[in-house]
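Participant: Have a look at this prediction, sequence included:
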Amino acid sequence: MEGKNKCIFAFVRCIVDSVGSIDVKISDYLAKFYTSTYVLGYFSSKYNILRKTSPARVYVKPTRVPLIQGFIISILSFIKLSRVKPNTVLWTWGCFFPGGLLLKIASRRTKVFIDIRSHPISQRSKFITTMYNALFAWTLKLARNFVDGFTIISPSMWIYITKRYGIKSPKRMCVWTSGYDKELFEYVQGIGYKYVAYLRRIIGAEEKHKVITYYGTISYSRLPLFNLLIEAFSLLRKDHDNVKLLLVGKGDAVQEVLKLVRSFDLERDTILIPPVSHAMIPLILLISDVVIAPFQRDHNWLTQVPLKVVEALGMMKPIVTTPLIELKRILPPEYLVDFEELSPIVLKNRVEALLYGEANKRTLQNVDLEGLSWSTVAENLYKCIEGLET
């Protein structure tokens, strides 16, 4: 699509995390279609992870309480956007009220969409889980009468939400899924081979080692999956002395995971490093032989399109994961293990086949990598929210 419309786009997000910042990567690529794009919210990293937005608005973190923080950022965003007068705003559901509602009432010409990257997931506290579910349902029912539409990560998530929360809206619904930065990934693939040995030495892996990688949140809700992963790695380590497990991330379950590592006597073969900037993810993938990301097939995960899966595909790396609804549409069957059948020995065998068998030579020729690139995702989203033909 040539040229730009004379219009402004904004994305309001409560928290922009340095690792999970890909949620707002869409704003970078929408800069191709809008004269100005803005990202508003609290940036948890001091580094500017957005290259093309003009400018990225950074607020001082007001509080550690998420609901209060979302409320304050919502008000600040309303004040800022009232001056900017954008044509289109995507407003994440967690900080839509009251700023998003006020903006729509004050400026009927502004298109306001509720963005849903995920619905409330189970927390350690049942009270907090119940509270977030109630807030989510109330926000969507309120928004149904005011906003111009919804944007969401997958069609299957919208089906789930409409059934569980009783949300029925005739308004526009646009899908923008997780994507990968094709330009960045191809650049790393082109020059990265020069630095593989050096990068491996940094993490303590020699050239002979096969590196199995998990990156993302190390949270309490994923603890059963880490139990499975570490036990499977223990079995693999008994048969092969040239494997390393690389864990990249942080969360409330780090200490529990370290206890698991010690209980299986895997300290020398397990590498745990803190989160890295998103620009470093392609390098992490470059030194990885297999990416592992099993997810439970429950309502927390079933309709998700996990970012790490898309990024592994973008770097042409084999991945072991579970057949979530959307993943079954894009992944070859060799990469999928049904969670009901997933056990340490099954996981160990699948990883082993990808590391040492013929399966690791399979190309991803049947995967639509171009359709998963941020450039394509942004163009499709633009066409949808502006009411153009796709």
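Facilitator: Cool, got the structure.
Participant: make it CA atoms for all contacts and neighbour counts henceforth
Facilitator: OK.
Participant: how about the helices in the stretch 151-300 of the chain?
Facilitator: 155-165, 182-191, 196-203, 223-239, 254-263, 281-286 (DSSP state H, counting those that start in this stretch).
Participant: need those in TSV with mean pLDDT, mean neighbour count and distance to residue 337, can you?
Facilitator: Converted to TSV, the helices of the stretch 151-300 of the chain look like this (pLDDT from 0 to 100; neighbours: other C-alpha atoms under 10 Å; distance: least, C-alpha to C-alpha, whole Å):
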stretch	mean pLDDT	mean neighbour count	distance to residue 337
helix 155-165	91	16	20
helix 182-191	89	14	27
helix 196-203	86	15	28
helix 223-239	92	18	13
helix 254-263	95	16	23
helix 281-286	92	21	21
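Participant: Distance to residue 272 for those - can I get that in TSV?
Facilitator: As requested, the helices of the stretch 151-300 of the chain are exported to TSV (distance: least, C-alpha to C-alpha, whole Å):
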stretch	distance to residue 272
helix 155-165	32
helix 182-191	23
helix 196-203	9
helix 223-239	13
helix 254-263	9
helix 281-286	13
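Participant: Identify whichever of the ones you listed lies nearest to residue 209.
Facilitator: Residue 209 lies closest to helix 196-203 among those, at 9.0 Å (C-alpha to C-alpha).
Participant: Identify all contacting residues around that closest one.
Facilitator: The contact list for helix 196-203, computed with C-alpha atoms under 8 Å, 6 or more residues apart in numbering, reads 206-207, 271, 286-287.
Participant: cool, stretch 329-348 as well?
Facilitator: 228-229, 231-233, 235-236, 294-297, 318-323, 328, 359, 364, 366-368.
Participant: Now that stretch: buried residues?
Facilitator: Buried residues in stretch 329-348, counted by 16 or more other C-alpha atoms under 10 Å: 330-332, 334-337, 339, 342-345, 347-348.
Participant: between the helices of the stretch 151-300 of the chain, which one is nearest to residue 32?
Facilitator: Proximity to residue 32, assessed across the helices of the stretch 151-300 of the chain by C-alpha to C-alpha, is greatest for helix 182-191 (14.5 Å).
Participant: which residues touch the closest one?
Facilitator: 282-283, 286, 314-315, 373-375.
Participant: what about 10 Å?
Facilitator: Applying C-alpha atoms under 10 Å, 6 or more residues apart in numbering, the external contacts of helix 182-191 come out as 192, 195, 279-283, 285-286, 311, 314-316, 369-370, 372-375.
Participant: Can you say which of those residues are buried?
Facilitator: Applying 16+ other C-alpha under 10 Å to those flags 192, 281-283, 285-286, 311, 314-316, 369, 372-375 as buried.
Participant: which one among the residues you listed gets closest to residue 30?
Facilitator: residue 375 (8.3 Å).
Participant: Do I have it right that the closest one meets residue 30?
Facilitator: Yes - under the criterion of C-alpha atoms under 10 Å, residue 375 makes contact with residue 30 at 8.3 Å.
Participant: so how far is stretch 105-117 off the chain centroid?
Facilitator: 23 Å (C-alpha atoms, centre = their mean, to the nearest Å).
Participant: Buried ones in stretch 145-157, by neighbour count?
Facilitator: 146-155, 157.
Participant: Out of the residues you listed, show me where the pLDDT dips lowest.
Facilitator: Scanning those for pLDDT, the smallest score is found at residue 146, 89.
Participant: Now do the contacts for that one.
Facilitator: 100-102, 104-105, 108, 112-113, 140.
Participant: Could you give the secondary structure assignment for it?
Facilitator: coil (DSSP: H, G, I helix; E, B strand; the rest coil).
Participant: Quick check on it: phi, psi?
Facilitator: phi -130, psi -40 (degrees, to the nearest 10).
Participant: Please report how far the residue most central in space within the chain lies from residue 241.
Facilitator: Nearest to the mean C-alpha position of the chain, by C-alpha atoms, centre = their mean, lies residue 307 at 3.9 Å. Distance, residue 307 to residue 241, using C-alpha to C-alpha, to the nearest Å: 30 Å.
Participant: just residue 214 next, same as before
Facilitator: Distance from residue 214 to residue 241, by C-alpha to C-alpha: 19 Å.
Participant: Pull out the C-alpha coordinates of stretch 150-159 and format them as PDB.
Facilitator: This file holds the C-alpha atoms of stretch 150-159, laid out as PDB (Å, rounded to 0.1, in the frame of the first residue of the first chain):
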ATOM      1  CA  PHE A 150     -12.700  -5.000  19.300                       C
ATOM      2  CA  THR A 151      -9.300  -6.200  18.300                       C
ATOM      3  CA  ILE A 152      -8.100  -9.600  19.500                       C
ATOM      4  CA  ILE A 153      -5.200 -12.100  19.200                       C
ATOM      5  CA  SER A 154      -7.200 -15.000  17.700                       C
ATOM      6  CA  PRO A 155     -10.600 -15.900  16.300                       C
ATOM      7  CA  SER A 156     -10.900 -18.800  18.800                       C
ATOM      8  CA  MET A 157     -10.300 -16.500  21.800                       C
ATOM      9  CA  TRP A 158     -13.200 -14.300  20.600                       C
ATOM     10  CA  ILE A 159     -15.500 -17.400  20.400                       C
END
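Participant: Any idea how far that stretch is from the middle of the chain?
Facilitator: The answer for stretch 150-159 is 14 Å, by C-alpha atoms, centre = their mean.
Participant: shaky segments in the stretch 251-390 of the chain?
Facilitator: In the predicted model of the stretch 251-390 of the chain, residues 339-340, 358-365, 388-390 satisfy pLDDT under 70.
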